[in-house]
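In: Next comes the sequence, and after it the predicted model I'd like to discuss.
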Amino acid sequence: MFPLRLKTAAALVLLGLLTLLAGIGQRTIWAPSETFTASVPADAAAAPLTVIDQKLRTLHGGTVKINVQGDGNFMLASGRPDDVDAWVGKTAHNTITGVSEDEKSLSVEHADGEGTAPNPAGSDLWVTNENASGELDYTWTPPADGEWTLLLASDGTKPAPATVSMTFPNDTSTPWAVPLMVLGSLLIVGGIVLALLSARRKNGEGGDADGAARGGSDANAHDQGPSSSSSANRATMVAAGVVAAVLAGSGTAAQAASPSPQPSGSASAPAKESAGLPVLLDAQFRRILEQVSSATDAGDAAKDAAKLADRVAGPELEIRTQNYKIRSQVGSYEPRMPVRSTKLLTTVVTTDRNWPRSVLAVTQGEGNVVPQILTLVQQSPRENYKLMETTPLQPGTTFPSISRGGTETLAAADKSGLLYSGEEAMAGLADRLTTADSPFKDKLVEGDSSPYIADTLSYQAEVVKAGENGNFAFTHKVVPDSTVVFRTSDGGALVLGRINFGFEGTPKAAGDKLTIGDDAAALAGGKETTTGMVLNFAESMAVYVPPAGSTDPMKLVAATRGLVGASFK
């Protein structure tokens, strides 16, 4: 009987050791890799653009690394998902959407479309833009909260690089490791205990036989029993302690061999949708502003409007173009106020993600006597922001408070929550500039130290009064498509737009002559006329509109004008 029990104990210990080692092995030598790499299949269709879906960044938590290999130059840009989709448009493209079940291949979906696209490098939509030649190793780190998609391309005409692999954090959990180690330890303890019990029984049998030979001493038998039991218990405790030490050592080794899982930054909260987010981050805005400033500096220095084309449009391009022409002939003519990216006082960024998109910057750098509002507009996804207007703040005027985290833009006719719509505000200002007794006289006011409206009305009245040889008329007409409305923090609005200021003169009698200034003569081709003349100015204006229910009047915030045309009838 004894050998069978001993064999059973030995088998339990051996099985326990094997089970314990299996558990330890799962946490050490058989532990899964910390990362896995999946690649785009070799048979994926060629396309000029490749989109890497934003969900891949958080597919397994942790940091994702991307390796791209291609012929020649290529770029990898990051942007909001809706911005990337809008830029891709109808162009044929591949989208990397996921990982295969065996975690070896990336899932690729192909969309047919136009065979080429403009070069996406340098688009204002991209928050980051990595340029490479031959190979690029990229760590996908989100530039801000929310969802971010990647766009891979060569130059828009050639196929995007086809060799793309992504390395993801792997699931290194080993759910059976601890149960196996616990079970193995219990089997080892059980085997040792069984062996000790077997040994105790054998000793007990030997004591009984010896006692019978001596006549059966009860005292000796009584003394031996407790002694044998105490020895067995101590041996059992020692065995259990040894196993516990082995188990503890195994756990320590396993922890040393297997790094603690790192928390995922996206696991605690879902990614925000693009809706309601500002269309530009601060870094984007500053980069755009620097490029706009560089373009205007180059144009101003050379008096060459061609140098403005990439970053200036609309009224500002028209005004500066004519300003250069006048200054090339009239040296004393005042240049347009310079555009500075330095000393950025504030920015206003829309959360309206449709196009066109409008944003504002208020700067006061070198050469800016007062802060000026820079209005930049992006007409479509594939166009960059361009400077549309520069409007100096009226002296003594405070720029309205607007959240820098993004604000709502309203349609010109939208009066929601406002005392007047943007359309009504600009129409009221135009009437106020035209007529001294305008019904908006008390509804739209200006600061005492910055009387643009009063000066304009005074100038018009003086011209009419002094015009002995001519009849003069003045008009101020809103350019509807130029009106932009931003919601202010108090529920009101800042309205910006262009007004065309027309100045017409006609001789009173045959033979009467009208004379124009040197600046206008540079555009008209002469200084005198007997048939009449027309001068055109572009007025860039900004008006604050109070919220609905307010008893306060509208206020002129910024204003300027520039001569854009002169001709004879």
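Out: Good, I have the coordinates.

In: give me the low-pLDDT residue ranges for the chain?
Out: 1-2, 5, 23, 25-32, 171-177, 201-275 (pLDDT under 70).

In: could you pull out the helices for it?
Out: 2-27, 81-88, 177-213, 218-257, 282-302, 314-327, 422-434, 452-466, 518-524 (DSSP state H).

In: burial measure for residue 149, as a count.
Out: With neighbours defined by other C-beta atoms under 10 Å, the count for residue 149 comes to 23. In short, each C-beta sits where N, CA and C put it, glycine included.

In: looking at it, it is touching residue 76, isn't it?
Out: No: Residue 149 is beyond contact range of residue 76, at 11.3 Å (criterion: C-beta atoms under 8 Å).

In: if you skip the residues just before and after it, what's nearest to residue 366?
Out: residue 340 (6.3 Å; C-beta to C-beta, 6 or more residues apart in numbering).

In: who's in contact with the one you found?
Out: Contacts for residue 340 (C-beta atoms under 8 Å, 6 or more residues apart in numbering) come out as 293, 363-368.

In: where's the nearest residue to residue 142 once chain neighbours are set aside relative to residue 86, distance?
Out: Counting by C-beta to C-beta, 6+ apart, residue 142 lies nearest to residue 148, which is 5.1 Å off, once chain neighbours are set aside. For residue 148, the distance to residue 86 (C-beta to C-beta, to the nearest Å) stands at 15 Å.

In: Show me which of the two is the more surrounded one.
Out: residue 148 (23 against 17).

In: Isn't that one up against residue 83?
Out: No: in this structure residue 148 lies outside contact range of residue 83 using C-beta under 8 Å: 9.8 Å.

In: Spit out the residues that contact these two alike.
Out: Between them, residue 148 and residue 83 share no contacting residue, judged by C-beta under 8 Å, 6+ apart.

In: rewinding a little: quick one: which of the contacts of residue 340 sit in strands?
Out: residue 363 (DSSP state E).

In: Output the contacts of residue 340 in CSV; the columns should cover neighbour count and distance to residue 507.
Out: Output for those, formatted as CSV (neighbours: other C-beta atoms under 10 Å; distance: C-beta to C-beta, whole Å):
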residue, neighbour count, distance to residue 507
293, 21, 45
363, 22, 45
364, 17, 45
365, 15, 46
366, 8, 46
367, 11, 41
368, 18, 42
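
In: got the contacts of residue 340 as CSV, with distance to residue 19 columns?
Out: As requested, the contacts of residue 340 are arranged in CSV below (distance: C-beta to C-beta, whole Å):
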residue, distance to residue 19
293, 72
363, 72
364, 76
365, 75
366, 78
367, 81
368, 79
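
In: Greatest separation within the contacts of residue 340: which pair is it?
Out: 293 and 364 (12.8 Å; C-beta to C-beta).

In: Count the neighbours of residue 561 for me.
Out: Quick note: residue 561 (other C-beta under 10 Å) scores 17 neighbours.

In: Show me what counts as buried in stretch 46-63.
Out: 47-54, 56-62 (16 or more other C-beta atoms under 10 Å).

In: So which of these are in strands?
Out: Reading strands off those with DSSP E, I get 49-52.

In: Let me have the residues you listed in a markdown table, extended by distance to residue 90.
Out: Listed next are these as a markdown table, based on distance: C-beta to C-beta, whole Å:
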| residue | distance to residue 90 |
| --- | --- |
| 49 | 11 |
| 50 | 16 |
| 51 | 14 |
| 52 | 20 |
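
In: follow-up on the earlier one: and which of the contacts of residue 340 is nearest residue 422?
Out: For those, the nearest to residue 422 is residue 363 (23.4 Å; C-beta to C-beta).

In: which residues does residue 128 contact?
Out: Contacts for residue 128 (C-beta under 8 Å, 6+ apart) come out as 77-78, 143.

In: Any idea what it is bridged to?
Out: For residue 128, the beta-bridge partners are residue 78 (DSSP bridges).

In: Could I get the full set of strands for the stretch 401-550 of the chain?
Out: For the stretch 401-550 of the chain, strands defined by DSSP state E, counting those that start in this stretch occupy the ranges 409-410, 444-445, 470-478, 484-487, 493-507, 514-515, 528-529, 533-545.

In: Dump those strands to a markdown table, plus mean neighbour count and distance to residue 178.
Out: Putting the strands of the stretch 401-550 of the chain into a markdown table (neighbours: other C-beta atoms under 10 Å; distance: least, C-beta to C-beta, whole Å) gives the following:
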| stretch | mean neighbour count | distance to residue 178 |
| --- | --- | --- |
| strand 409-410 | 21 | 58 |
| strand 444-445 | 18 | 76 |
| strand 470-478 | 17 | 75 |
| strand 484-487 | 24 | 57 |
| strand 493-507 | 23 | 63 |
| strand 514-515 | 18 | 99 |
| strand 528-529 | 16 | 98 |
| strand 533-545 | 23 | 67 |
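
In: Now distance to residue 120 too, for those strands, in CSV please.
Out: Below are the strands of the stretch 401-550 of the chain laid out as CSV (distance: least, C-beta to C-beta, whole Å):
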stretch, distance to residue 120
strand 409-410, 26
strand 444-445, 45
strand 470-478, 37
strand 484-487, 27
strand 493-507, 30
strand 514-515, 54
strand 528-529, 52
strand 533-545, 32
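
In: For residue 170, find the nearest of these.
Out: Per C-beta to C-beta, nearest to residue 170 of the strands of the stretch 401-550 of the chain: strand 409-410, 45.3 Å.

In: ok, and what's touching that closest one?
Out: For strand 409-410, the external contacting residues (C-beta under 8 Å, 6+ apart) are 350-352, 358, 416, 418, 421-422, 484-487, 493.

In: Pick out the most distant pair among these.
Out: Taking C-beta to C-beta as the measure, the contacts of strand 409-410 span a maximum distance of 19.6 Å, between 351 and 421.

In: the more surrounded of the two?
Out: residue 421 (21 against 18).

In: what's near enough to touch residue 50?
Out: With C-beta under 8 Å, 6+ apart, residue 50 has these contacts: 93-96, 151-153, 160-161, 164.

In: Just the ones of those residues in strands?
Out: 93-96, 151-153, 164.

In: Out of those, which is nearest to residue 447?
Out: Closest to residue 447, out of all of these and judged by C-beta to C-beta, is residue 151, at 47.7 Å.

In: My understanding was that the closest one contacts residue 53; is that so?
Out: No: using C-beta under 8 Å, residue 151 makes no contact with residue 53, being 11.1 Å away.

In: The residue nearest to residue 169 when sequence neighbours are not counted and residue 138, how far apart?
Out: Once flanking residues are discounted, residue 169 sits nearest to residue 62: 3.5 Å by C-beta to C-beta, 6+ apart. With the distance defined as C-beta to C-beta, residue 62 ends up 15 Å from residue 138.

In: How about residue 42, nearest residue that isn't a chain neighbour?
Out: Nearest non-adjacent residue to residue 42, counting by C-beta to C-beta, 6+ apart: residue 162, 7.9 Å away.

In: got a list of what the residue nearest to residue 142 touches?
Out: By C-beta under 8 Å, 6+ apart, the neighbours of residue 148 are 54, 57, 78-81, 127, 142.

In: Show me which of those are buried.
Out: Using 16+ other C-beta under 10 Å, the buried members of these are 54, 57, 78-81, 127, 142.
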